[in-house]
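[1] A predicted structure for the sequence below; I have some questions about it.
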Amino acid sequence: MISINALTVAFGADVLFDNIGFNLDDGEKVGLAGKNGAGKSTLLKILCGQMAPTSGSVDRPRDIKFGYLPQIMSHNKGRSVMDEVMTAFQERFDLEKKLADATEELTLRTDYESDAYAKLIEKVNSLTDRLAVEESEPPQAGAGRVLRGLGFRDEDFFRNTETFSQGWNMRIELAKILLSKPDVMLLDEPTNHLDIESIEWLEQFLKSYRGAVVLVSHDKRFLDNITTRTLEISLGKLYDYKVPYSKYLELRQERLQQQIAAYQNQQRMIEKTEEFIERFRYKATKANQVQSRIKALDRLDRIEVDETDLSAISFKFPPAVRCGDIVYKAIGLTAGYPGKTVFSGADIEIKRGEKVAFVGRNGEGKTTQLRIIEGELQPVKGESKVGHNVQFGYYAQNQEDILDKTDTVFGTLDRIAVGDIRTRLRDLLAQFLFRGDDIDKRVSVLSGGERARLGMAKLMLGSYNCLLLDEPTNHMDIRSKEMLKKALKAYDGTLIVVSHDRDFLDGLADRLYVFRDGRVKEFPGDVNDFLKALDMSSLSELDRKVQPASQPSVKPETAQQSSQKSYQAMKNENREQKKLKNRIEFLEKETDKISDRMKKIEVVLSAPGEGDDIMELTREYLELKRDLDFKTQEWEKLIESL
């Protein structure tokens, strides 16, 4: 479908791509890998024709249709969400109008035998065929389906786009691309502003999408679930792997190891050959052998080891000053804004040293709760208490709205640094990959990843014992995210993090608070348990309230009828009591069996043997735990009803 040939992109002496090439076929799902600044976004722009290369060519079909979602974009204003999204169907609407006009003209003409009439019939047939290719689903129904999948509620459809945040406007642009059904989707960090549920929905949409998809994402699991091919951009070169991201990492490491081994073997052979040449260069009896080996070295195809880009942020957070046992506590908290309640009745308790994640859909109040904890907002109702000697370090989601765009990288830190750290600002910036002339860059020209790193560097200048991080991994490349996660796991203070990044939260957060449908509830498990619960719809089952059945009206009854009914009611009640007790006994036996099996699995997992399938045992253990929780809850309810 698309062919990239000898592509080179250079900005002065800085070469971004050097003579790279690849083909993109119909329906392929491709992930672009590489650190921030490697050129992934630039390649997407070149693919869709928004940017021209320095040299080389991009061959694409003339009628190919692209859908491009950039990281940073401008958003349309003055329309409702639904009206804006419906612009994705403009091509379809144009076809329908052309068909209506041609059909009307056909009914008015009487020159049935003319060539013009025959051409008009061909035009009507052609337009009808083109529209038949479109899905039968009405545009407004399709728009509603996609908007709901991306997290919008029905009542949001008729709000103007300017009343939504930048992240929600990105979802609107993404919805327009999905609905326009392009031949090739080019998506640059589409999950940055999506919650976990929306990511799951988008995964399913893209997996079943018939067109080609090229993805830039720092979400490894998202890439693994969608892509079947990975293109790595590193130091101006492009490496093509016909596998998803996780497998690409393995193959990449194997390739480098094989390359190094082959290089070392060849170097030993070259060294021995050169020793032979030097030793017998001036002996007439060895002249032929010497000349033969000199020619062999000249003809030798020298193996080169690919350069590896090992740059990554490297840092650790300063030691946390000791604070009280309870860092933060909320009782019956209601949060919101004038005319809108975001959530109510929240009970939250976070202790010193805990690492807690706030998860849920965007708009459910996670950022609002962070701002209440930090003191930027006041609750509408309820208690919000900060513990003794707690010092917050706050990382906001939208760094571009906080950083001074007119300032330089160095100036951003220099304005707030105090004490001895001022003499080490260059070293600190180097830890966050700002080296050399980079420190003199204006914030306005920084990429999303660079702004994220600069915002994180600001946190290093204070001694905080509680970090409040709102989507800290947005725009960070995978290697930087891993380094941040490692630093946070080693951090001895308290962490409260809002994130939709599953891999980042996995193994980092001890507890979760789920923000959902105007409520905040503690979830007893980690992010993997949470995702499994969503797949099983268990959260909605736990939150569902049983509505009492309406009582039918009855006619007045005689005393005899009343007595008979009372007797029958007693018999029914005794029968129900017996059923209840039998169910309780059954549940007690079942929970005992499950507990015994879980204990046996725990013994194996604590010291696994060679033949033990750890993944299968872990999966079974989690399923047993979920089953035990459900049966225990049912048992408790039945006991209370006795």
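    Good, I have the coordinates. Quantities reported herein were computed from a predicted structural model and do not represent experimental measurements.

[2] CA atoms for contacts and neighbours, from now on please.
    Fine.

[3] dump the residue contacts of the residue nearest to Ile348 when sequence neighbours are not counted.
    Leaving aside its chain neighbours, Ile348 sits nearest to Ala330 (4.9 Å; criterion: Cα to Cα, 6 or more residues apart in numbering). Taking Cα atoms under 8 Å, 6 or more residues apart in numbering, we find Ala330 in contact with Ala346, Asp347, Ile348, Glu349, Gly382, Glu383, Ser384, Lys385.

[4] beta partners of Ala330?
    Ile348, Ser384 (DSSP bridges).

[5] what's the neighbour count on Gly2?
    Wrong residue type there; residue 2 is Ile, not Gly. The number of residues packed near Ile2 is 16, by other Cα atoms under 10 Å.

[6] and the spatially most central residue of the chain, helix, strand or coil?
    Centroid check for the chain by Cα atoms, centre = their mean gives Thr191 as the closest residue, at 4.1 Å. Following DSSP: H, G, I helix; E, B strand; the rest coil, Thr191 is assigned to coil.

[7] ok, now which ones touch the closest residue in space to it that isn't next to it in sequence?
    Closest residue in space to Thr191, ignoring its immediate chain neighbours: Ile199 at 6.4 Å, by Cα to Cα, 6+ apart. Residues near Ile199 by Cα under 8 Å, 6+ apart: Leu150, Thr191, Phe222.

[8] how close does the second one sit to Tyr464?
    Plainly put, Thr191 is 29 Å away from Tyr464 if you go by Cα to Cα, to the nearest Å.

[9] so for the residue nearest to Ile348, what's the pLDDT?
    On the pLDDT scale, Ala330 is placed at 96.

[10] run a quick neighbour tally on the closest residue to Glu189 other than its chain neighbours.
    Spatial nearest neighbour of Glu189, chain neighbours left out: Ser217 (4.8 Å); criterion: Cα to Cα, 6+ apart. The local packing of Ser217 (other Cα under 10 Å) involves 24 other residues.

[11] do I have it right that Ser217 meets Asp188?
    Yes: using Cα atoms under 8 Å, Ser217 makes contact with Asp188 at a distance of 6.8 Å.

[12] and the pLDDT for the residue nearest to Thr191?
    Ile199 is given a pLDDT of 87.

[13] 20 is where my numbering starts, stick with that
    Done: numbering now begins at 20, and the last item shifts to Ile218.

[14] name the helix or strand for it, please.
    helix 215-226 (DSSP states H and E).

[15] where in the stretch 420-569 of the chain is pLDDT low?
    420, 553-569 (pLDDT under 70).

[16] count the residues that sit near the closest residue to Gly56 other than its chain neighbours.
    Leaving aside its sequence neighbours, Gly56 sits nearest to Ser466 (Cα to Cα, 6+ apart; 8.0 Å). Neighbour count for Ser466, taken as other Cα under 10 Å: 16.

[17] quick check: phi and psi at Ser466.
    Ser466 adopts backbone torsions of phi -80, psi 170, taken as degrees, to the nearest 10.

[18] follow-up on the earlier one: who's in contact with the very next helix or strand once past the helix holding Ile218?
    For helix 215-226, the following helix or strand on the C-terminal side (DSSP H and E) is strand 231-235. Strand 231-235 is contacted from outside by 44-52, 59-60, 202-209, 225, 242, using Cα under 8 Å, 6+ apart.

[19] what about 6 Å?
    Contact with strand 231-235 is made by 45-51, 203-208, as judged by Cα atoms under 6 Å, 6 or more residues apart in numbering.

[20] check stretch 183-197 too.
    Gly86, Val104, Ala107, His212.

[21] any idea how far Glu293 is from the second one?
    When you say that, I think you mean Val104. For Val104, the distance to Glu293 equals 70 Å [Cα to Cα].

[22] of these two, who's got more company?
    Applying other Cα under 10 Å to Val104 and Glu293 shows that Val104 carries more neighbours, namely 25 against 16.

[23] which element is that one on?
    helix 100-105.

[24] neighbouring contacts of that helix?
    For helix 100-105, contacts defined as Cα under 6 Å, 6+ apart pick out Phe176, Phe177, Asn179, Thr180, Lys195.

[25] please list the members of these that lie in helices.
    Among those, DSSP state H puts Lys195 in helices.

[26] pull out the buried members of the contacts of helix 100-105.
    By neighbour count, with 16 or more other Cα atoms under 10 Å, the contacts of helix 100-105 hold Phe176, Asn179, Thr180, Lys195 as buried.

[27] residues near the closest residue to Gly412 other than its chain neighbours, how many?
    Nearest non-adjacent residue to Gly412, counting by Cα to Cα, 6+ apart: Leu486, 4.8 Å away. A count of nearby residues for Leu486, using other Cα under 10 Å, gives 22.

[28] before we move on, what about Val437?
    Neighbour tally, Val437, other Cα under 10 Å: 12.

[29] quick one: it and Gly455, what's the gap?
    23 Å.

[30] for Leu250, list the residues it contacts.
    Contacts of Leu250 (Cα under 6 Å, 6+ apart): Leu51, Tyr258, Asp259.

[31] in strands, which of these appear?
    Leu51, Tyr258, Asp259 (DSSP state E).

[32] what subset of these is buried?
    Burial by neighbour count, judged by 16+ other Cα under 10 Å, picks out Leu51 from the ones in strands among the contacts of Leu250.

[33] as CSV, the ones in strands among the contacts of Leu250 with pLDDT would be great.
    Listed next are those as CSV, based on pLDDT from 0 to 100:
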residue, pLDDT
Leu51, 94
Tyr258, 90
Asp259, 93
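
[34] with only the CA atoms kept, save the helix or strand containing Leu389 in PDB.
    Per DSSP H and E, Leu389 falls inside helix 385-393. Extracted as PDB, the C-alpha positions of helix 385-393 are listed here (Å, rounded to 0.1, in the frame of the first residue of the first chain):
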ATOM      1  CA  LYS A 385      -9.700  11.800  40.600                       C
ATOM      2  CA  THR A 386      -7.900  15.000  39.900                       C
ATOM      3  CA  THR A 387     -10.400  16.900  42.000                       C
ATOM      4  CA  GLN A 388      -9.600  14.700  45.000                       C
ATOM      5  CA  LEU A 389      -5.900  15.300  44.500                       C
ATOM      6  CA  ARG A 390      -6.500  19.100  44.500                       C
ATOM      7  CA  ILE A 391      -8.500  18.800  47.700                       C
ATOM      8  CA  ILE A 392      -5.700  16.800  49.300                       C
ATOM      9  CA  GLU A 393      -3.200  19.400  48.200                       C
END
